[in-house]
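Colleague: sharing a sequence plus its predicted fold:
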Amino acid sequence: MIDTPRRSGILVQVNGSTSSGDPLVRLLPRWVQQEWMADAACKGRTEHFFAPHGEQADARELREAIARAICVTCPVLSSCREYARRHREQGYWGAENDDERLEARRRPSRHRHRSATDPVIAAQG
Ligand code: SF4
């Protein structure tokens, strides 16, 4: 049984009860809707931002090129990128794929928030 979504997660019944006798466990949501998401240029185009199962390298390259072209027009690119880095998201967020995001997170902190000098963000004007 799945209860209706709530602010702090959803309640899910697991095999009738938990080991403590509580019939419900609380699952935290994977992510919570952010205000900036209302202005996302990718709304309704998620097929370009998340890899299908078994995606080949050349298909990924093409998909990510399309996603990037959408991201560079997006008014919330900076917020999206920062959010995805902070929450270790998977998929194409803020004109970065998983590898690029991981690389950015590994950079020393003084280079991590380079939005002002980032060519993608700078190209937005
Ligand atoms: S930057 Fe890209 S992934 Fe992020 S909200 Fe905009 S279009 Fe979507």
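Modeller: Great, that's in hand.

Colleague: residue boundaries of the strands in this protein?
Modeller: Applying DSSP state E to the chain gives strands spanning 10-13, 24-27.

Colleague: which of those has the lowest mean pLDDT?
Modeller: Comparing mean pLDDT across the strands of the chain, the weakest is strand 10-13, with a mean of 47.

Colleague: okay, now the closest residue in space to Ala41 that isn't next to it in sequence: neighbour count?
Modeller: The shortest distance from Ala41 to any non-neighbouring residue, by Cβ to Cβ, 6 or more residues apart in numbering, is to Cys74 (3.7 Å). For glycine as for every other residue, the C-beta is placed from the backbone atoms N, C-alpha and C. Neighbour count for Cys74, taken as other Cβ atoms under 10 Å: 21.

Colleague: for the spatially closest residue to Cys71 that is not a sequence neighbour, the count of nearby residues, please.
Modeller: Nearest non-adjacent residue to Cys71, counting by Cβ to Cβ, 6+ apart: Ala95, 3.9 Å away. A count of nearby residues for Ala95, using other Cβ under 10 Å, gives 23.

Colleague: what's the pLDDT at Ala95?
Modeller: Looking at Ala95, its pLDDT is 98.

Colleague: do you know how far the residue nearest to Ala41 is from the ligand?
Modeller: Distance of Cys74 to the ligand, given as Cβ to the nearest ligand atom, to the nearest Å: 3 Å.

Colleague: going forward can the numbers begin at 478, since that is how I track them
Modeller: Yes, from this point I'll number from 478; that puts the last item at Cys551.

Colleague: any idea how far the closest residue to Phe527 other than its chain neighbours lies from Glu580?
Modeller: Setting aside the residues directly before and after it, Phe527 is nearest to Gly568 in space (Cβ to Cβ, 6+ apart), at 4.4 Å. Distance of Gly568 to Glu580, computed by Cβ to Cβ, to the nearest Å: 16 Å.
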